[in-house]
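Chemist: Sequence plus the predicted model coming up.
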Amino acid sequence: MKLYVHIFFGIYCLLISVGSHGQSFGCTADLYLSTHAEGDQRSRLYEVLRDESIVSMREIPLLSDVAIAGIAYSAQDGHIWALDIGDNISLVRISAMGVVEHMADVELDSTLVYRSAMLSPDGRSFYTIGYEDGYERAKIFYEIELYEDYRVIADDISFSGPSDMRDLCVDPLSGAVYGYENNSGRLVQFGIDGQFTVVSPRRNNTEQIDALFFDSEGYYFGYSQSGKLIEIDILTGELMPIYQGPMADYVDGCSCPYRSALYKHIEGDYLTDCAEFEVEYEFVNHLGSSYTGIALRDTFPVGFEVIDISSNAVFTLPDDAPDHVLRINNIVFQTGVNRIRVTMRPAIGYSGYFDSQAELCCFPQYPERRLLSDDPDTEGYTDGTGAIVIGMDDELSIEDQIQISCDGLTAELTAPIADMEYRWDDVVGEQRLSVTAVGEYVLEMSSDCFYRRDTFSLELLPGPDQLILPADTMVEFGEELSVTPKLSRGEIVSITGGYDDRAIEIDSVSDLISFKPTSSGRFLATAKDENGCEWQAEMWVEVQYAGDIYVPTAFSPNGDQINDKFEVFAPFPGRYDLEIYDRWGGLIHRQLACDFIDSPCTWDGQISDESADVGSYMWQIKIYKDDSVSEYMFGSVLRTK
């Protein structure tokens, strides 16, 4: 299978640019998911955000009808490219505003099934696989050259290997191609010759992986038709479901991992003028290639001094840099995370706040581009990183160093300056002290050249916070229910909601949760506050149904498309069974687990594949609630010619 060669070679360095057709995706999401249900005219596209253990999903409404079988993010134009399997097989491009742009019809075998897609790291080739008999056999591997008039290259897949492998994806850091074989629960890796290597042991996993993709940080994920978002351990093959999303017949996912970032972090918010401090620069290279000849620049206040530099990257130092200026040349940055650690000394007598912003420059392909540093400890992006040099007599806001525990019963007091000797109420201790009572706590910090005494005043231990929801409520079927959860004292940073184990979309600005419950159930909200604490609350929603169940008294199964079937009607959902009896009480038709809206029971007037006689027949309906019969209905229907 020689086509895999294209995935490994021709990996160019590239930087994200803004496309000329519609707004590009800003890569604010960790993942993007597409779902399509057979029979629907329009697919759905979602962005997925992860904040530690909290996962949220927001739909990006598509503005045109499209049947998406696979998606891939293009770092070259910042858009999502998709394979549309509607009336014709075509390539479309989707903007962040949901605009669907038709790019080209492509000549793929229309007798095959397509369920996945991926892009080469250089963004020039779009890949998909055609399957025979559903997922039974991967038959053709297609490459579509996006900048060569959408030329299609097809290669037969002829290896004898995984039998139920529904997607492939490229590791953005290593370039390796991975797949997941569902029958054996094994992770496999493909070589440039198309041969596969098993990289994880056989597992009895019950989940079927339909889509595979890496997120923006290089973690491996899968998604199933049953709507489960699953994190995959790339070493062991273990599947860890983390979120329940929408179910669909076609699912795929992607992210925008081919990007870079420069982070700068100073250890400690408060420093002294007589002690060294550490500055760490972290260059995250997700651009798909290593870099050479890069320069790092940073400038500190006059009088500061660079003492030492260490790194996992190769570099050289100039001879003419002033003591307060950091200049590192000819850096070799590999893919992944590269760190440079610098030891600094402040100017003697310096007091107050300082900050600066580092920059990387001189990328070989883009010599004018400058990558500015970002402070990872702040909410802003590409902002300066700073600290305060504190003197023994300078004012210090010690109350900022008090952290209340999530249960509100414990406080952690932190000495603001690191690497000191500490005494709490005349007792030698560590930098942090946990207390369970209000009052004043005296802190002494000292070193060979520094001494300071401060007092912590802890006035309140407030106890647990509480997530507040409305009381249990009642709504009419079809009525929209809106809920805005609140914390009793804290601020909600992120929130997720679910109804009967189904995720609900949430307005990320107002925290407004709106949905239309179709059956009675329990609504559960989980909120995270500004301190990272999680709170849960639930409420019961009782759905009332307006209208009656209508059962016709006659039907005529004569093929004229008018009343050809006996069918029960109701303006609301609900599970029920239907039984038909002849005039002697013999059961002639039974249909179980029907739903008034989604899958109503019907009788076509046949008995054992033969037309029933004209005449009256008795029917019985069993209506269920909470898995038990709540109501019986009886009657008769006339079968006419």
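Modeler: Nice, I can see it.
Chemist: which residues in the stretch 1-150 of the chain form strands?
Modeler: Here the stretch 1-150 of the chain has its strands, by DSSP state E, counting those that start in this stretch, at 31-36, 44-51, 54-59, 68-73, 80-85, 89-94, 100-105, 113-114, 118-119, 125-132, 137-145.
Chemist: of all the ones you listed, which lies closest to residue 517?
Modeler: For the strands of the stretch 1-150 of the chain, the distance to residue 517 is smallest for strand 54-59, at 18.2 Å, taking C-beta to C-beta. The way it works is simple: take the backbone N, C-alpha and C, and place the C-beta from them, glycine included.
Chemist: on that earlier part again, out of the strands of the stretch 1-150 of the chain, the one nearest residue 564 is which?
Modeler: Among these, if distance is taken as C-beta to C-beta, the winner is strand 31-36, at 30.9 Å.
Chemist: coming back round to it: next, format the strands of the stretch 1-150 of the chain as JSON lines and append mean pLDDT, mean neighbour count and distance to residue 389.
Modeler: Converted to JSON lines, those look like this (pLDDT from 0 to 100; neighbours: other C-beta atoms under 10 Å; distance: least, C-beta to C-beta, whole Å):
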{"stretch": "strand 31-36", "mean pLDDT": "89", "mean neighbour count": "26", "distance to residue 389": "42"}
{"stretch": "strand 44-51", "mean pLDDT": "85", "mean neighbour count": "18", "distance to residue 389": "33"}
{"stretch": "strand 54-59", "mean pLDDT": "85", "mean neighbour count": "18", "distance to residue 389": "37"}
{"stretch": "strand 68-73", "mean pLDDT": "90", "mean neighbour count": "26", "distance to residue 389": "44"}
{"stretch": "strand 80-85", "mean pLDDT": "93", "mean neighbour count": "26", "distance to residue 389": "47"}
{"stretch": "strand 89-94", "mean pLDDT": "94", "mean neighbour count": "21", "distance to residue 389": "50"}
{"stretch": "strand 100-105", "mean pLDDT": "91", "mean neighbour count": "16", "distance to residue 389": "54"}
{"stretch": "strand 113-114", "mean pLDDT": "88", "mean neighbour count": "20", "distance to residue 389": "61"}
{"stretch": "strand 118-119", "mean pLDDT": "83", "mean neighbour count": "24", "distance to residue 389": "48"}
{"stretch": "strand 125-132", "mean pLDDT": "86", "mean neighbour count": "22", "distance to residue 389": "53"}
{"stretch": "strand 137-145", "mean pLDDT": "84", "mean neighbour count": "20", "distance to residue 389": "57"}
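Chemist: Out of those, which is closest to residue 640?
Modeler: strand 31-36 (41.6 Å).
Chemist: List the contacts of that closest one.
Modeler: By C-beta atoms under 8 Å, 6 or more residues apart in numbering, the residues outside strand 31-36 that reach it are 25, 43-48, 50, 57, 67-71, 73, 80, 82, 211, 213, 215-216, 221, 223, 229, 245-255.
Chemist: hang on, the earlier thing: how about a markdown table for the strands of the stretch 1-150 of the chain, with distance to residue 638 added?
Modeler: Compiled in a markdown table, those are given as follows (distance: least, C-beta to C-beta, whole Å):
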| stretch | distance to residue 638 |
| --- | --- |
| strand 31-36 | 43 |
| strand 44-51 | 44 |
| strand 54-59 | 47 |
| strand 68-73 | 47 |
| strand 80-85 | 45 |
| strand 89-94 | 49 |
| strand 100-105 | 51 |
| strand 113-114 | 45 |
| strand 118-119 | 59 |
| strand 125-132 | 49 |
| strand 137-145 | 52 |
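Chemist: mind listing the strands for the stretch 201-350 of the chain?
Modeler: Secondary structure of the stretch 201-350 of the chain (DSSP E, counting those that start in this stretch): strands at 211-214, 220-223, 228-232, 239-244, 250-254, 260-266, 270-271, 277-285, 291-299, 305-311, 314-316, 325-333, 336-345.
Chemist: Okay, angle between the longest one and strand 305-311 too, please.
Modeler: What that stands for is strand 336-345. 160 degrees (axes from the mean of the first three to the mean of the last three C-alpha atoms, to 10 degrees).
Chemist: Pull up the pairing partners for strand 336-345, direction included.
Modeler: Partner strands and pairing direction for strand 336-345 (DSSP bridges) are strand 277-285 (antiparallel), strand 305-311 (antiparallel).
Chemist: ok, back up a step: mind checking the strands of the stretch 1-150 of the chain for the one nearest to residue 424?
Modeler: strand 44-51 (33.8 Å).
Chemist: who are the neighbours in contact with the residue nearest to residue 213 when sequence neighbours are not counted?
Modeler: Spatial nearest neighbour of residue 213, excluding adjacent residues (C-beta to C-beta, 6 or more residues apart in numbering): residue 253 at 4.2 Å. Residues in contact with residue 253, defined by C-beta under 8 Å, 6+ apart, are 31-34, 71, 211-213, 221, 223.
Chemist: give me that answer again for 7 Å
Modeler: Residue 253 sits next to 31-33, 211, 213, 221, 223 when contact means C-beta atoms under 7 Å, 6 or more residues apart in numbering.
Chemist: cool, residue 478 as well?
Modeler: residue 516.
Chemist: For it, grab phi and psi.
Modeler: Backbone geometry at residue 478, expressed as degrees, to the nearest 10, gives phi 90, psi -10.
Chemist: Please apply the same query to residue 400.
Modeler: According to degrees, to the nearest 10, residue 400 has phi -70, psi -10.
Chemist: contacting residues around it?
Modeler: Taking C-beta under 7 Å, 6+ apart as the definition, residue 400 has no contacts.
Chemist: my guess is residue 458 contacts residue 411, does it?
Modeler: Yes: here residue 458 lies in contact with residue 411, judged by C-beta atoms under 7 Å, at a distance of 5.5 Å.
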